[in-house]
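Chemist: Mind looking at a prediction? Sequence and model below.
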Amino acid sequence: MKYIALLRGINISGKNKIAMSDLKKEFFTLGHKEVITYLNSGNVVFESDIDDKNVIKNNIQAMIKDKFDFDIPTYIITSQELEELLSHSPEWWGKDNEEIYDNIIFIIPPTTYNEVFDTIGSPNEYEKIQEYKNNIFWSFDLKNYRKSNWWSKTASTEISDKITIRTANTMKKILEICKK
């Protein structure tokens, strides 16, 4: 089965530096096949014979701790789940409007949407959210991002290690990679 691992906080602002070539090598060491990294921010597409996302996640997190000495929250999604998620995006999301920044917030289990929402609060007039299967489509006005309610809170609250965020374009490209 084809999976995507989204590693939270890899190579961001000079922290948790991991060369994608080294990460790719270690994914092969775990027994995964057809490993492809995308960008430098911890997006890994791979095939695995393991059919338990928790086992895969735990193996990846243990490998990163062992080989790179980082505790990295990891979100695992199958290519089919990603395709379904993107097919259920709201009509206002992912439209290549340069004034709007579109993201998906992937909530790392066992954390739930309600926990994230209760921690961050309601979106304000500069942003929109919509939940689908414990993930959140989130868009905000690029000119006013600092005024959005969710911008600072996704990085500075106790929920920050329980989510990982990717742009619409990144996830669309990852889905294309999965289909090759």
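Modeler: Yep, that arrived.
Chemist: So which elements touch the longest helix along the chain?
Modeler: Secondary structure assigned by DSSP state H gives helix 53-68 as the longest helix of the chain. Here helix 53-68 touches strand 2-7, helix 20-29, strand 74-78, going by 3 or more Cβ pairs under 8 Å, 6 or more residues apart in numbering; DSSP states H and E. Every C-beta, even on glycine, is put in place using the N, C-alpha and C of the backbone.
Chemist: Give me the contacts around the shortest one.
Modeler: Applying Cβ atoms under 8 Å, 6 or more residues apart in numbering, the set of residues contacting strand 74-78 from outside is 1-8, 53, 56-57, 60-61, 64, 85, 106-108, 164.
Chemist: what about 10 Å?
Modeler: Contacts with strand 74-78, where a contact means Cβ atoms under 10 Å, 6 or more residues apart in numbering, come from 1-8, 10, 42, 44, 48, 51-61, 64, 83-85, 106-109, 135, 162-164, 166, 171, 174, 178.
Chemist: List the single closest residue to residue 146 in space, sequence neighbours excluded.
Modeler: Of all residues not flanking residue 146 in the chain, residue 152 sits nearest, at 7.5 Å (Cβ to Cβ, 6 or more residues apart in numbering).
Chemist: Test my guess that that neighbour contacts residue 127.
Modeler: No. Between residue 152 and residue 127 there is no contact under Cβ atoms under 10 Å: 11.8 Å.
Chemist: And those two? Which one has more around it.
Modeler: residue 127 (21 against 13; other Cβ atoms under 10 Å).
Chemist: Next up, phi/psi of the more buried one, please.
Modeler: Dihedral pair for residue 127: phi -150, psi 160, per degrees, to the nearest 10.
Chemist: which residues touch it?
Modeler: Contacts of residue 127 by Cβ under 10 Å, 6+ apart are 100-101, 103, 138-141, 144-145, 147-151.
Chemist: On the strand side of things, show who it bridges to.
Modeler: Under DSSP bridges, the beta-bridge partners of residue 127 are residue 140.
Chemist: Which pLDDT value goes with it?
Modeler: Residue 127 carries a pLDDT value of 97.
Chemist: now do residue 97
Modeler: 89.
Chemist: okay, now it: neighbour count?
Modeler: Residue 97 has 13 nearby residues by other Cβ under 10 Å.
Chemist: Can you give me the distance of residue 180 to residue 87?
Modeler: 19 Å (Cβ to Cβ, to the nearest Å).
Chemist: my bad, should have said residue 162
Modeler: 25 Å.
Chemist: Tell me the helices and strands packed up against the lowest-mean-pLDDT helix or strand in the chain.
Modeler: Least confident helix or strand of the chain, by mean pLDDT, DSSP states H and E, is helix 149-156 with a mean of 89. Helix 149-156 sits against strand 100-107, helix 113-120, strand 127-132, strand 135-141, strand 163-167, with contacts defined as 3 or more Cβ pairs under 10 Å, 6 or more residues apart in numbering; DSSP states H and E.
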